[in-house]
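Novice: Here is my input, please return the structure:
(4 chains)
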Number of protein chains: 2
Amino acid sequence: MITNKSEIFPAEQQQAAVYAKAISHPARIAILRFLAESKVCITGDITDAIPLGRTTVLQHLQVLKDSELITGDIDGKRVCYCINSDRYDEMKQLFDELLKKINPINCC
Amino acid sequence: MITNKSEIFPAEQQQAAVYAKAISHPARIAILRFLAESKVCITGDITDAIPLGRTTVLQHLQVLKDSELITGDIDGKRVCYCINSDRYDEMKQLFDELLKKINPINCC
DNA sequence: ATTTCGTGTCGTATGTTTACGACATATAGA
DNA sequence: TCTATATGTCGTAAACATACGACACGAAAT
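Specialist: Predicted structure coming up:
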């Protein structure tokens, strides 16, 4: 059975949905905020800052990487996770446009 | 096994995540846009406008209702789905604050 | 050389989401 | 009354998400 038909919708809406999904868990919002505020962004530090198991945090990091909102580059022994500014700006713009387009009217 | 620990995060982040989840599928973005643009917002019309089965559309409507972004009031024979302006404004504000707080820095 | 530390991957349990057909109900019209 | 229409509910299959322990690997410290 087909369990995903997302591709039949306009690309713009698909991409907005991808970003929305990326930030649809409080842990991932917390990770983004931590990355934005910290200067040293390595996995260990992130795990310490988020009250979840290390594996779970890694998983959330992977979800964020899949959405391309963050990068995870190897820096010698450690891995440095950073917010991808370009994608982040794209997300902001997509949300801005989307929210502007939807103007609630009371129809009933 | 515990499979959800969302409640350990700040309420603000939880609520932002709830709204993000609500718009994390292109079908639901399409529904919101349709509701914003149409004057007659009944289930049948929505089903006609979204290229998915009627049951699936109803399910997406239920997700949006759970997030309180829309209401679904019975209007005689028909049910009128509308965007909940108050919640919609709250979502806009939460996203705005969140996106403002996260200022990407290149740490590597 | 051995241990420790930081990291990633694998497996697994449980719950949620997406998609839809089949059925039920209730109102309006023939 | 019977039929058509609009709607909601139930069940179910497949996939995805969340959470975490156990294991593997490589670099640095002892």
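Novice: so how far is stretch A:24-36 off the chain centroid?
Specialist: 8 Å (C-alpha atoms, centre = their mean, to the nearest Å).
Novice: Can you list the buried residues in it?
Specialist: A:24-36 (16 or more other C-beta atoms under 10 Å in any protein chain shown). Every residue, glycine included, has its C-beta placed from N, CA and C.
Novice: Tabulate the residues you listed (JSON lines), appending secondary structure.
Specialist: JSON lines is the format used below for the buried residues of stretch A:24-36 (DSSP: H, G, I helix; E, B strand; the rest coil):
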{"residue": "A:S24", "secondary structure": "coil"}
{"residue": "A:H25", "secondary structure": "coil"}
{"residue": "A:P26", "secondary structure": "helix"}
{"residue": "A:A27", "secondary structure": "helix"}
{"residue": "A:R28", "secondary structure": "helix"}
{"residue": "A:I29", "secondary structure": "helix"}
{"residue": "A:A30", "secondary structure": "helix"}
{"residue": "A:I31", "secondary structure": "helix"}
{"residue": "A:L32", "secondary structure": "helix"}
{"residue": "A:R33", "secondary structure": "helix"}
{"residue": "A:F34", "secondary structure": "helix"}
{"residue": "A:L35", "secondary structure": "helix"}
{"residue": "A:A36", "secondary structure": "helix"}
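Novice: number of nearby residues for whatever residue of chain A ends up closest to DNA strand C?
Specialist: Closest contact between chain A and DNA strand C, by C-beta to the nearest atom of the strand, is at A:G44 (2.7 Å). A:G44: 12 surrounding residues under other C-beta atoms under 10 Å in any protein chain shown.
Novice: go on, the one 3 residues further on?
Specialist: Around A:T47 sit 17 other residues, with neighbours defined as other C-beta under 10 Å.
Novice: can you narrow the buried residues of stretch A:24-36 to ones near chain B?
Specialist: Contacts with chain B within these, counted by C-beta under 8 Å from any C-beta of the partner chain: A:24-30, A:32-33, A:35-36.
Novice: In a markdown table: these, plus pLDDT and distance to DNA strand D.
Specialist: Formatted as a markdown table, these follow (pLDDT from 0 to 100; distance: C-beta to the nearest atom of the strand, whole Å):
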| residue | pLDDT | distance to DNA strand D |
| --- | --- | --- |
| A:S24 | 98 | 6 |
| A:H25 | 98 | 4 |
| A:P26 | 98 | 8 |
| A:A27 | 98 | 5 |
| A:R28 | 98 | 7 |
| A:I29 | 98 | 11 |
| A:A30 | 97 | 10 |
| A:L32 | 96 | 14 |
| A:R33 | 95 | 16 |
| A:L35 | 92 | 17 |
| A:A36 | 91 | 20 |
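Novice: Name the residues of chain A found near DNA strand C, please.
Specialist: Contact residues (C-beta under 7 Å from any atom of the strand) of chain A with DNA strand C: A:1-6, A:42-45, A:47, A:54-55, A:58, A:62, A:72, A:77-79.
Novice: CA atoms only: put the helix or strand bottoming out on mean pLDDT in chain A into CSV for me.
Specialist: Between all helices and strands in chain A, the lowest mean by mean pLDDT, DSSP states H and E belongs to strand A:70-75, at a mean of 81. What follows is strand A:70-75, C-alpha atoms only, in CSV (Å, rounded to 0.1, in the frame of the first residue of the first chain):
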residue,chain,number,x,y,z
ILE,A,70,22.5,21.6,10.1
THR,A,71,25.8,20.2,9.0
GLY,A,72,28.0,17.7,10.8
ASP,A,73,31.6,18.0,9.7
ILE,A,74,34.4,15.9,11.0
ASP,A,75,37.0,18.0,12.8
